[in-house]
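Asker: sharing a sequence plus its predicted fold:
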Amino acid sequence: MKGRPVDTFDGEWIRHMGTSEMAFAPRLSSIGRPWFGFDATLFETTGGTISCPGMPVHSFSMHLGAPMRTARSCGGAVQRRLQTLGDIDLVPVGCPAAWEDAEPSTFLRINLTAAIVLATAESMGIDPDALSLAPQLQLRDPMLEHIAWALKAELEVGEPTDRLYAESLGTALTAQLLRRYARPSSAKRGLTRRQWRTVIDYIHDNLSADLSLTELASVAALGTSTFKTLFRQTVGMPVHQYVVRQRVEHAMNLLASGSAKLNQVALSAGFVDQSHMARCFRRVVGMTPAAVAREHR
């Protein structure tokens, strides 16, 4: 399978090195399933290179194919290795990362949002502001691997089964990451938990509106310039990029349900028109809205 780079949460992949750009094709995805705080996608890729500037989710990926030569970088030096079945990489929020694969591969990627990390940490009696997840490359962890295989099996079920079971897997995976791989945070930066929750809830509740930077800054009770800086420190991207990604995600869920026409989806998700939505889809997920709709027919 071949296709342009695709991602449901953290699209905007960019060219990294001089060799051919890696292309992604999603085989199975949880988009359209009401899982809280995380999503999972099974990808097939071509060989090549790709890089990512740091995203607003924790990205967990597990290699599912045959052994292959690869190079990985996550916020530091390049690690060259032979990647084997079950190898896990964890790229935390905001951490720049790059990949170079000598051959095509198959992998499962699970994106964890701030919401599930916060909820899981609080249920464990952990102050999420006092810890941060550390990058992990070629990690071997039997418990994480077991959970990842179980989530892959959930994706392979033709019809979604028990939502509570899937969400319990997402929570268990998050808990293991916090328990084993979190470290004390350095000096706090960014929005407070309360500001973050308030702003994100406001964005999600008003996606169809013409949101402005001044409006969102006032929701956080901050000046516009301060809000821009703190938001980027918290999320790893500018406010407008985050809003566009949330609109694309919302539109993809509507398209997956098959309950609305493209022009209705565009307006419901806050795009100016159908053409505006198509441009944003191509930039974020590498596909057109019509192609996404066809995949779910």
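Answerer: Now that the structure is in, tell me what you want to look at.

Asker: can you tell me the closest non-neighbouring residue to the residue lying farthest from the centre of the chain?
Answerer: Relative to the mean C-alpha coordinate of the chain, counting by CA atoms, centre = their mean, the farthest residue is Gly223 (28.4 Å). In space, and not counting its chain neighbours, Gly223 is closest to Ala217: 6.3 Å by CB to CB, 6 or more residues apart in numbering. The way it works is simple: take the backbone N, C-alpha and C, and place the C-beta from them, glycine included.

Asker: do the same with Cys52
Answerer: Ala97 (5.1 Å).

Asker: what bridges to that neighbour?
Answerer: Ala97 has the following beta-bridge partners by DSSP bridges: Cys52, Cys74.

Asker: for it, which residues are in contact?
Answerer: Counting by CB atoms under 8 Å, 6 or more residues apart in numbering, Ala97 touches 51-52, 54, 59, 72-75, 91, 135.

Asker: Asp89 too?
Answerer: 59-61, 72, 74, 136-139.

Asker: mind redoing it with 6 Å?
Answerer: 61, 137 (CB atoms under 6 Å, 6 or more residues apart in numbering).

Asker: in three-state terms, how would it be classified?
Answerer: Under DSSP: H, G, I helix; E, B strand; the rest coil, Asp89 falls in the strand class.

Asker: quick one: pLDDT of it?
Answerer: At Asp89, the model reports a pLDDT of 93.

Asker: pairing partners for it in the sheet, please.
Answerer: Bridge pairing for Asp89 - DSSP bridges - gives Ser61.

Asker: next, the nearest residue to Ala209 once chain neighbours are set aside: secondary structure please.
Answerer: Of all residues not flanking Ala209 in the chain, Gly270 sits nearest, at 6.6 Å (CB to CB, 6+ apart). Of the three states, Gly270 takes coil according to three-state DSSP.

Asker: measure Gly270 to Met124 for me?
Answerer: 35 Å (CB to CB, to the nearest Å).

Asker: what's the burial count for Arg80?
Answerer: The tally of other residues near Arg80 (other CB atoms under 10 Å) stands at 10.

Asker: could you list the buried residues of the helix or strand harbouring it?
Answerer: Assigned by DSSP states H and E, Arg80 belongs to strand 78-83. Buried residues in strand 78-83, counting neighbours by 16 or more other CB atoms under 10 Å, are found at Gln83.

Asker: contacts for it?
Answerer: Strand 78-83 is contacted from outside by 63, 67-68, 70-72, 137-138, using CB under 6 Å, 6+ apart.

Asker: 8 Å - rerun?
Answerer: By CB under 8 Å, 6+ apart, the surrounding residues in contact with strand 78-83 are 63, 67-73, 98, 105, 137-138.

Asker: now do stretch 236-248
Answerer: 9-12, 53-56, 93-94, 203-204, 207, 211, 213, 216, 227-228, 231-232, 235, 269-271, 277, 280-281, 283-285.

Asker: swap in 6 Å and give it another go.
Answerer: If you take CB under 6 Å, 6+ apart as the criterion, stretch 236-248 is touched by 54-56, 93-94, 207, 211, 213, 231-232, 235, 269-270, 280-281, 284.

Asker: please, where are all the strands along the stretch 1-150 of the chain?
Answerer: Ranges of strands in the stretch 1-150 of the chain, per DSSP state E, counting those that start in this stretch, are 24-29, 38-45, 48-52, 58-63, 68-74, 78-83, 88-91, 97-101, 105-112, 131-133, 136-139.

Asker: and of those strands, who's closest to Val265?
Answerer: strand 24-29 (17.5 Å; CB to CB).

Asker: could you give the average pLDDT over the closest one?
Answerer: Here strand 24-29 scores 88 as its mean pLDDT.

Asker: packing partners for it?
Answerer: Where contact means 3 or more CB pairs under 6 Å, 6 or more residues apart in numbering; DSSP states H and E, strand 24-29 is packed against strand 38-45.
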